[in-house]
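**Q** the sequence and its predicted three-dimensional model are supplied below.
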Amino acid sequence: MSHIASLDADPDRSAAAGAESDGVARSLFALNLNPADPRRGWRGWLREVGASLDRVLFVQGCQICGGHVDDDPRAAPWCLDCRAELIESVPHCCLRCGQAVGPFASATLKQGCARCRGRSLGFEGVVALGPYQGPIRALCLHLKRASGAWLGAWLMDLTIESRFERLRSLELKTDPDGRPPLVTSIPLHWRRRWARGYNQADDLAARLAQRLDLPWRRVLRRIRPTPKLAGRSPTERLDLMRRAFQVISSRRSCLERRDILLVDDVLTTGATTGAAARVLKRAGAARVFVVVIARTEPNR
Ligand SMILES: [Zn+2]
Ligand SMILES: [Zn+2]
(Lines give C-alpha, C1' and ligand atoms only; values in the text may rest on other atoms or scores of the structure.)
(Ligands and ions follow the chains in the order given, each with its own letter.)
Protein backbone atom coordinates (compact mmCIF):
# COMPACT_ATOMS: atom_id res chain seq x y z
CA MET A 1 0.00 0.00 0.00
CA SER A 2 1.57 3.31 -0.95
CA HIS A 3 0.62 6.94 -0.61
CA ILE A 4 0.85 9.37 -3.47
CA ALA A 5 3.27 11.35 -1.42
CA SER A 6 5.40 12.91 -4.09
CA LEU A 7 2.98 13.31 -6.96
CA ASP A 8 4.26 16.34 -8.83
CA ALA A 9 2.80 18.72 -11.39
CA ASP A 10 6.15 19.05 -13.11
CA PRO A 11 6.45 16.14 -15.59
CA ASP A 12 10.27 16.17 -15.56
CA ARG A 13 10.60 16.20 -11.80
CA SER A 14 7.79 13.65 -11.61
CA ALA A 15 9.54 11.23 -13.92
CA ALA A 16 12.76 11.53 -11.93
CA ALA A 17 10.98 11.02 -8.63
CA GLY A 18 9.09 8.05 -10.09
CA ALA A 19 12.24 6.01 -10.35
CA GLU A 20 12.48 6.00 -6.57
CA SER A 21 8.92 4.96 -5.76
CA ASP A 22 6.62 2.02 -6.15
CA GLY A 23 3.04 0.93 -6.82
CA VAL A 24 0.48 3.53 -7.75
CA ALA A 25 2.87 6.32 -6.86
CA ARG A 26 5.17 5.19 -9.66
CA SER A 27 2.38 5.13 -12.22
CA LEU A 28 1.17 8.53 -11.08
CA PHE A 29 4.63 10.02 -11.35
CA ALA A 30 4.27 9.58 -15.08
CA LEU A 31 1.49 12.18 -14.96
CA ASN A 32 1.67 14.01 -18.23
CA LEU A 33 0.57 17.60 -18.27
CA ASN A 34 1.74 18.40 -21.77
CA PRO A 35 -1.18 18.16 -24.26
CA ALA A 36 1.17 17.46 -27.15
CA ASP A 37 3.13 14.65 -25.49
CA PRO A 38 3.59 11.73 -27.91
CA ARG A 39 3.43 9.03 -25.19
CA ARG A 40 -0.33 8.74 -25.34
CA GLY A 41 -0.36 6.01 -27.99
CA TRP A 42 -2.58 5.80 -31.03
CA ARG A 43 -5.85 6.39 -29.18
CA GLY A 44 -4.48 9.57 -27.66
CA TRP A 45 -3.24 10.58 -31.08
CA LEU A 46 -6.66 9.98 -32.68
CA ARG A 47 -8.27 11.98 -29.93
CA GLU A 48 -5.79 14.78 -30.46
CA VAL A 49 -6.54 14.83 -34.19
CA GLY A 50 -10.29 14.83 -33.48
CA ALA A 51 -9.95 17.67 -30.99
CA SER A 52 -7.81 19.62 -33.44
CA LEU A 53 -10.39 19.13 -36.21
CA ASP A 54 -13.16 20.26 -33.88
CA ARG A 55 -11.10 23.31 -33.04
CA VAL A 56 -10.47 24.14 -36.69
CA LEU A 57 -14.07 23.54 -37.73
CA PHE A 58 -16.03 24.97 -34.85
CA VAL A 59 -13.91 27.23 -32.69
CA GLN A 60 -13.12 30.80 -33.42
CA GLY A 61 -11.32 32.73 -30.74
CA CYS A 62 -11.57 32.37 -26.99
CA GLN A 63 -14.67 30.39 -25.97
CA ILE A 64 -15.27 32.81 -23.12
CA CYS A 65 -14.50 36.35 -24.29
CA GLY A 66 -14.20 35.80 -28.05
CA GLY A 67 -10.70 37.28 -27.97
CA HIS A 68 -7.65 36.05 -29.81
CA VAL A 69 -6.10 32.69 -28.95
CA ASP A 70 -3.03 31.03 -30.40
CA ASP A 71 -3.58 29.84 -33.98
CA ASP A 72 -2.07 26.46 -33.12
CA PRO A 73 -5.09 24.08 -33.01
CA ARG A 74 -3.60 22.41 -29.95
CA ALA A 75 -3.70 25.71 -28.07
CA ALA A 76 -6.34 25.98 -25.37
CA PRO A 77 -9.82 27.18 -26.35
CA TRP A 78 -9.52 30.19 -24.02
CA CYS A 79 -7.15 33.14 -23.83
CA LEU A 80 -4.64 33.49 -21.00
CA ASP A 81 -6.74 36.09 -19.16
CA CYS A 82 -9.84 33.88 -19.20
CA ARG A 83 -7.78 30.86 -18.21
CA ALA A 84 -6.52 32.75 -15.17
CA GLU A 85 -10.08 33.72 -14.32
CA LEU A 86 -11.23 30.09 -14.56
CA ILE A 87 -8.49 28.89 -12.25
CA GLU A 88 -8.78 31.65 -9.68
CA SER A 89 -12.55 31.59 -9.43
CA VAL A 90 -12.59 29.72 -6.12
CA PRO A 91 -9.60 30.19 -3.85
CA HIS A 92 -11.27 28.66 -0.78
CA CYS A 93 -13.64 25.72 -0.70
CA CYS A 94 -14.57 23.00 1.77
CA LEU A 95 -12.44 19.89 1.24
CA ARG A 96 -15.35 17.66 2.18
CA CYS A 97 -18.42 19.05 0.36
CA GLY A 98 -16.65 21.33 -2.14
CA GLN A 99 -18.71 24.44 -1.39
CA ALA A 100 -17.10 27.85 -1.14
CA VAL A 101 -16.05 28.91 2.35
CA GLY A 102 -14.87 32.28 3.60
CA PRO A 103 -11.23 33.29 3.19
CA PHE A 104 -10.62 32.83 6.92
CA ALA A 105 -12.04 29.31 7.17
CA SER A 106 -9.38 26.68 7.55
CA ALA A 107 -8.87 25.07 4.15
CA THR A 108 -7.52 21.96 5.82
CA LEU A 109 -10.49 21.06 8.00
CA LYS A 110 -11.15 17.47 6.99
CA GLN A 111 -14.27 17.36 9.15
CA GLY A 112 -15.90 19.79 6.73
CA CYS A 113 -17.43 23.26 6.85
CA ALA A 114 -20.37 24.59 8.85
CA ARG A 115 -22.79 23.33 6.17
CA CYS A 116 -21.58 19.73 5.92
CA ARG A 117 -19.90 18.93 9.24
CA GLY A 118 -21.54 15.98 10.95
CA ARG A 119 -23.74 15.30 7.90
CA SER A 120 -23.32 12.05 5.97
CA LEU A 121 -22.48 12.90 2.34
CA GLY A 122 -21.69 9.40 1.08
CA PHE A 123 -18.26 10.51 -0.19
CA GLU A 124 -15.05 11.61 1.53
CA GLY A 125 -14.19 14.76 -0.39
CA VAL A 126 -14.61 16.89 -3.49
CA VAL A 127 -12.16 18.27 -6.04
CA ALA A 128 -13.68 20.94 -8.30
CA LEU A 129 -12.35 23.47 -10.79
CA GLY A 130 -14.73 26.10 -9.44
CA PRO A 131 -18.26 27.26 -8.69
CA TYR A 132 -21.09 26.76 -11.19
CA GLN A 133 -21.29 30.35 -12.31
CA GLY A 134 -19.93 32.71 -14.96
CA PRO A 135 -17.67 31.15 -17.59
CA ILE A 136 -17.46 27.77 -15.84
CA ARG A 137 -21.26 27.47 -15.96
CA ALA A 138 -21.32 28.47 -19.64
CA LEU A 139 -18.64 25.90 -20.48
CA CYS A 140 -20.47 23.16 -18.52
CA LEU A 141 -23.70 23.92 -20.39
CA HIS A 142 -21.82 23.67 -23.66
CA LEU A 143 -20.29 20.37 -22.51
CA LYS A 144 -23.74 18.83 -22.08
CA ARG A 145 -24.28 18.97 -25.85
CA ALA A 146 -22.49 16.50 -28.09
CA SER A 147 -21.15 19.44 -30.12
CA GLY A 148 -19.35 20.61 -26.98
CA ALA A 149 -17.85 17.20 -26.17
CA TRP A 150 -14.39 18.32 -27.28
CA LEU A 151 -14.30 20.78 -24.35
CA GLY A 152 -14.29 17.96 -21.79
CA ALA A 153 -10.61 17.11 -22.12
CA TRP A 154 -9.62 20.78 -21.84
CA LEU A 155 -11.76 21.33 -18.77
CA MET A 156 -10.46 18.21 -17.05
CA ASP A 157 -6.86 19.14 -17.87
CA LEU A 158 -7.42 22.57 -16.38
CA THR A 159 -8.98 21.02 -13.27
CA ILE A 160 -6.03 18.66 -12.80
CA GLU A 161 -3.42 21.35 -13.36
CA SER A 162 -5.04 23.98 -11.16
CA ARG A 163 -6.18 21.63 -8.36
CA PHE A 164 -3.11 19.46 -8.40
CA GLU A 165 -2.18 19.98 -4.77
CA ARG A 166 -5.73 19.12 -3.76
CA LEU A 167 -5.59 15.88 -5.78
CA ARG A 168 -2.31 14.99 -4.14
CA SER A 169 -3.72 15.73 -0.71
CA LEU A 170 -6.27 12.92 -1.19
CA GLU A 171 -3.43 10.47 -0.53
CA LEU A 172 -4.97 7.87 -2.78
CA LYS A 173 -3.83 4.37 -1.91
CA THR A 174 -3.35 1.09 -3.67
CA ASP A 175 -5.61 -1.62 -2.29
CA PRO A 176 -4.27 -4.60 -0.27
CA ASP A 177 -3.84 -6.54 -3.54
CA GLY A 178 -1.73 -3.75 -5.00
CA ARG A 179 -4.43 -2.49 -7.37
CA PRO A 180 -4.33 1.27 -8.03
CA PRO A 181 -7.30 3.57 -7.33
CA LEU A 182 -10.10 3.31 -9.90
CA VAL A 183 -11.68 6.15 -11.87
CA THR A 184 -15.37 5.87 -12.68
CA SER A 185 -18.22 8.16 -13.72
CA ILE A 186 -21.79 8.98 -12.77
CA PRO A 187 -23.87 7.25 -15.47
CA LEU A 188 -26.80 8.81 -17.27
CA HIS A 189 -30.07 6.92 -17.51
CA TRP A 190 -30.05 5.15 -20.88
CA ARG A 191 -32.88 7.32 -22.22
CA ARG A 192 -31.01 10.53 -21.52
CA ARG A 193 -27.77 9.12 -22.83
CA TRP A 194 -29.53 8.06 -26.04
CA ALA A 195 -31.09 11.52 -26.44
CA ARG A 196 -27.83 13.34 -25.77
CA GLY A 197 -25.64 11.01 -27.79
CA TYR A 198 -22.95 10.73 -25.12
CA ASN A 199 -22.26 11.04 -21.41
CA GLN A 200 -19.96 13.94 -20.67
CA ALA A 201 -19.00 12.35 -17.33
CA ASP A 202 -17.53 9.34 -19.20
CA ASP A 203 -15.31 11.62 -21.27
CA LEU A 204 -14.19 13.54 -18.18
CA ALA A 205 -13.44 10.30 -16.31
CA ALA A 206 -11.48 8.87 -19.22
CA ARG A 207 -9.40 12.02 -19.38
CA LEU A 208 -8.74 12.08 -15.64
CA ALA A 209 -7.66 8.45 -15.74
CA GLN A 210 -5.42 9.06 -18.73
CA ARG A 211 -3.70 12.02 -17.11
CA LEU A 212 -3.21 10.33 -13.74
CA ASP A 213 -2.30 7.02 -15.37
CA LEU A 214 -5.05 5.20 -13.50
CA PRO A 215 -7.56 2.62 -14.78
CA TRP A 216 -11.08 3.78 -15.60
CA ARG A 217 -14.19 1.59 -15.74
CA ARG A 218 -17.93 2.08 -15.94
CA VAL A 219 -19.07 0.28 -12.80
CA LEU A 220 -22.46 1.89 -12.14
CA ARG A 221 -25.75 1.63 -13.94
CA ARG A 222 -28.55 4.14 -13.52
CA ILE A 223 -31.76 2.22 -13.07
CA ARG A 224 -34.04 5.22 -12.54
CA PRO A 225 -34.00 8.57 -14.34
CA THR A 226 -33.13 11.48 -12.07
CA PRO A 227 -36.13 13.35 -10.70
CA LYS A 228 -35.91 17.12 -10.22
CA LEU A 229 -34.15 17.60 -6.88
CA ALA A 230 -34.01 21.39 -6.65
CA GLY A 231 -36.35 22.79 -4.02
CA ARG A 232 -36.73 19.49 -2.14
CA SER A 233 -35.55 18.85 1.38
CA PRO A 234 -32.40 16.76 1.98
CA THR A 235 -34.57 13.87 3.25
CA GLU A 236 -36.78 13.96 0.14
CA ARG A 237 -33.70 14.04 -2.10
CA LEU A 238 -32.23 11.05 -0.30
CA ASP A 239 -35.48 9.12 -0.72
CA LEU A 240 -35.75 10.00 -4.41
CA MET A 241 -32.18 8.96 -5.15
CA ARG A 242 -32.26 5.72 -3.19
CA ARG A 243 -32.15 2.80 -5.62
CA ALA A 244 -31.23 5.14 -8.51
CA PHE A 245 -27.92 3.33 -9.09
CA GLN A 246 -26.73 -0.25 -9.22
CA VAL A 247 -23.26 -1.72 -9.54
CA ILE A 248 -22.91 -3.67 -12.80
CA SER A 249 -22.64 -7.18 -11.37
CA SER A 250 -19.66 -8.24 -13.50
CA ARG A 251 -17.70 -5.19 -12.24
CA ARG A 252 -18.32 -5.78 -8.55
CA SER A 253 -14.87 -7.30 -8.03
CA CYS A 254 -13.30 -4.05 -9.37
CA LEU A 255 -14.45 -2.20 -6.28
CA GLU A 256 -13.54 -4.24 -3.23
CA ARG A 257 -11.32 -2.30 -0.80
CA ARG A 258 -10.41 0.15 -3.52
CA ASP A 259 -10.16 3.98 -3.48
CA ILE A 260 -12.48 5.45 -6.12
CA LEU A 261 -12.43 8.75 -8.01
CA LEU A 262 -16.06 9.37 -9.00
CA VAL A 263 -16.34 11.85 -11.87
CA ASP A 264 -19.19 14.08 -13.01
CA ASP A 265 -19.45 17.47 -14.72
CA VAL A 266 -21.41 19.37 -12.06
CA LEU A 267 -22.03 18.61 -8.39
CA THR A 268 -25.32 20.17 -7.37
CA THR A 269 -27.17 19.10 -4.23
CA GLY A 270 -24.83 16.16 -3.67
CA ALA A 271 -27.81 13.80 -3.41
CA THR A 272 -27.15 12.09 -6.75
CA THR A 273 -23.41 11.79 -6.21
CA GLY A 274 -23.92 10.74 -2.60
CA ALA A 275 -26.31 7.98 -3.69
CA ALA A 276 -23.80 6.73 -6.26
CA ALA A 277 -20.98 6.83 -3.69
CA ARG A 278 -23.03 4.86 -1.18
CA VAL A 279 -23.73 2.17 -3.77
CA LEU A 280 -20.00 1.94 -4.51
CA LYS A 281 -19.25 1.56 -0.81
CA ARG A 282 -21.92 -1.05 -0.28
CA ALA A 283 -20.15 -3.00 -3.02
CA GLY A 284 -16.91 -2.76 -1.03
CA ALA A 285 -15.17 0.45 -2.15
CA ALA A 286 -12.80 1.82 0.49
CA ARG A 287 -13.09 5.59 -0.02
CA VAL A 288 -14.88 7.66 -2.66
CA PHE A 289 -13.65 11.09 -3.78
CA VAL A 290 -15.68 13.20 -6.19
CA VAL A 291 -13.98 15.04 -9.07
CA VAL A 292 -16.13 17.58 -10.91
CA ILE A 293 -15.68 20.64 -13.09
CA ALA A 294 -18.18 22.74 -11.15
CA ARG A 295 -19.82 22.87 -7.76
CA THR A 296 -23.10 24.75 -7.33
CA GLU A 297 -23.38 27.18 -4.47
CA PRO A 298 -25.94 26.59 -1.69
CA ASN A 299 -29.66 27.10 -2.41
CA ARG A 300 -29.38 26.59 -6.16
ZN1 LIG B 1 -10.82 35.08 -23.27
ZN1 LIG C 1 -18.41 21.41 3.64
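**A** In hand now; what should we look at? Ligands and ions are numbered 1, 2, ... in the order given.
**Q** only C-alpha atoms from now on, for both contacts and neighbour counts.
**A** Fine.
**Q** from Asp264, how far off is Arg192?
**A** Per C-alpha to C-alpha, to the nearest Å, Arg192 is found 15 Å from Asp264.
**Q** the more surrounded of those two?
**A** More neighbours surround Asp264 than the other of Arg192 and Asp264, with 24 against 14 (other C-alpha atoms under 10 Å).
**Q** how about the contacts made by the more buried one?
**A** Asp264 makes contacts with 185-186, 200-202, 204-205, 290-293, as judged by C-alpha atoms under 8 Å, 6 or more residues apart in numbering.
**Q** wait, a strand at it?
**A** Yes. For Asp264, which was evaluated using DSSP: H, G, I helix; E, B strand; the rest coil, the result is membership in a strand.
**Q** which residues does it bridge with?
**A** Beta-bridge partners for Asp264, by DSSP bridges, are Val292.
**Q** go through the contacts of Asp264 and name the one nearest ligand 2.
**A** Distances from the contacts of Asp264 to ligand 2 were compared by C-alpha to the ion; the smallest belongs to Val290, at 13.1 Å.
**Q** residue boundaries of the strands in the stretch 51-200 of the chain?
**A** 125-131, 182-185 (DSSP state E, counting those that start in this stretch).
**Q** mind listing what's buried along the last one?
**A** Right, the one you point to is strand 182-185. For strand 182-185, burial by neighbour count (16 or more other C-alpha atoms under 10 Å) applies to 182-185.
**Q** what's it packed up against?
**A** helix 200-212, strand 259-267 (3 or more C-alpha pairs under 8 Å, 6 or more residues apart in numbering; DSSP states H and E).
**Q** one more: the longest one?
**A** Under the contact definition 3+ C-alpha pairs under 8 Å, 6+ apart, strand 125-131 sits against helix 80-87, helix 151-162, strand 287-295.
**Q** deepest in the core, which of the ones you listed is it.
**A** strand 287-295 (a mean of 25; mean count of other C-alpha atoms under 10 Å).
**Q** does that strand reach ligand 2?
**A** No. Where contact is defined by C-alpha under 5 Å from the ion, no part of strand 287-295 touches ligand 2; the two come within 11.6 Å at best.
**Q** for burial, what's the neighbour tally of His92?
**A** Neighbouring residues of His92 were enumerated by other C-alpha under 10 Å; the total is 18.
**Q** in TSV, list the contacts of Asp264 along with distance to ligand 1.
**A** Below are these laid out as TSV (distance: C-alpha to the ion, whole Å):
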residue	distance to ligand 1
Ser185	30
Ile186	30
Gln200	23
Ala201	25
Asp202	27
Leu204	22
Ala205	26
Val290	28
Val291	25
Val292	22
Ile293	18
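**Q** from these, pick the one nearest Thr174.
**A** Of all the contacts of Asp264, the one sitting nearest Thr174 is Val290; the distance, using C-alpha to C-alpha, is 17.5 Å.
**Q** alright, that wraps it up for me.
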